[in-house]
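K.L.:
got a predicted structure plus its sequence, pasted below:
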Amino acid sequence: QVQLVQSGAEVKKTGSSVKVSCKASGANLSNYLITWVRQAPGQGLEWMGGIIPVFGIADYAQKFQGRVAITTDESTSTAYMELRSLRSDDTAIYYCARGIQLLDYWGQGTLITVSS
Amino acid sequence: QSALTQPASVSGSSGQSITISCTGTSSDVGTSNYVSWYQQHPDRAPKLMIYDVNNRPSGISDRFSGSKSGNTASLTISGLQAEDEADYYCMSYTTSNTLFGSGTKVTVL
């Protein structure tokens, strides 16, 4: 059974960075494609980007270009999403999910709160 | 990159059928073979309900079906049940762009 387990909630200061982890179990991460999606409070889903671990190739939404980095560590079957220069409107739940064209398994979500 | 357009809310009585639309452009929904739909209950992660326009993952009820015509994809829920009350999002994938819909709140009356 595929499971994606994310790191815990964090509170960050405006201008700082956050790195959220997503550990895969039940299968080899190199066989996955991983997508990151966020959801601001009371808002809809927003695609941030995705990565093909076996190639290490990441693709990002234009909105986050230059501010986000998605990486993987195949030795620990863990994917990471780092968001820099945090702003208050980055406050959201961040989800990792398996897949690119379709997202069939999701992590439990990580709440990131950004305040000054 | 704007979100795909969905109605903010759709409601129906138990046992009825409802359809949620997801409208994009010829650059996304209109050209994509990879339209998927997600159900999200409050404080829960989204759940895949339909993929590749009209395919159901294992374990998803056949009361859920998907279709596409031109730049609009649709999700139909037949035999509406109380447990179907949730938010629903479409997603369109192309090699140049991935977009979610704005979301639709489904209420079972």
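P.N.:
It's in. Numbers count the residues shown, from 1 in each chain, chains lettered A, B, ... in the order given.
K.L.:
in chain A, which helix or strand is least confident?
P.N.:
strand A:57-60 (a mean of 91; mean pLDDT, DSSP states H and E).
K.L.:
centroid-wise, who is the farthest residue in chain B?
P.N.:
B:Ser96 (21.0 Å; CA atoms, centre = their mean).
K.L.:
per-residue pLDDT, that one?
P.N.:
Per-residue confidence (pLDDT) for B:Ser96: 86.
K.L.:
buried residues in the helix or strand just after the least confident helix or strand of chain A?
P.N.:
Sequence-wise, the next helix or strand downstream of strand A:57-60 (DSSP states H and E) is strand A:68-73. For strand A:68-73, a neighbour-count test (16 or more other CB atoms under 10 Å in any protein chain shown) marks A:Val68, A:Ala69, A:Ile70, A:Thr72 as buried. From N, CA and C alone the C-beta is placed, and that goes for glycine too.
K.L.:
out of these, who's nearest A:Ile100?
P.N.:
Using CB to CB, A:Ile70 is the member of the buried residues of strand A:68-73 that lies nearest A:Ile100, at 11.6 Å.
K.L.:
I'd say that closest one and A:Ala79 touch.
P.N.:
Yes - in this structure, A:Ile70 is within contact of A:Ala79 by CB atoms under 8 Å, at 7.0 Å.
K.L.:
intersection of neighbour lists for the two?
P.N.:
A:Ile34, A:Ile51 (CB atoms under 8 Å, 6 or more residues apart in numbering or on different chains).
K.L.:
contact residues of chain B facing chain A?
P.N.:
Residues of chain B found near chain A (CB under 8 Å from any CB of the partner chain) are B:1, B:3, B:34, B:36, B:38, B:40, B:45-48, B:51-52, B:57, B:89, B:91, B:93, B:98-103.
K.L.:
any buried residues in stretch A:52-61, and which?
P.N.:
For stretch A:52-61, by 16+ other CB under 10 Å, it's A:Pro53, A:Ala58, A:Asp59, A:Tyr60, A:Ala61.
K.L.:
rewinding a little: hmm, who's touching the least confident helix or strand of chain A?
P.N.:
In contact with strand A:57-60 (CB under 8 Å, 6+ apart) are residues A:Met48, A:Gly49, A:Gly50, A:Ile51, A:Ile52, A:Val68, A:Ala69, A:Ile70, A:Thr71.
K.L.:
from those residues, which are also near chain B?
P.N.:
Counting by CB under 8 Å from any CB, the members of the contacts of strand A:57-60 near chain B are A:Gly50.
K.L.:
lovely, talk soon.
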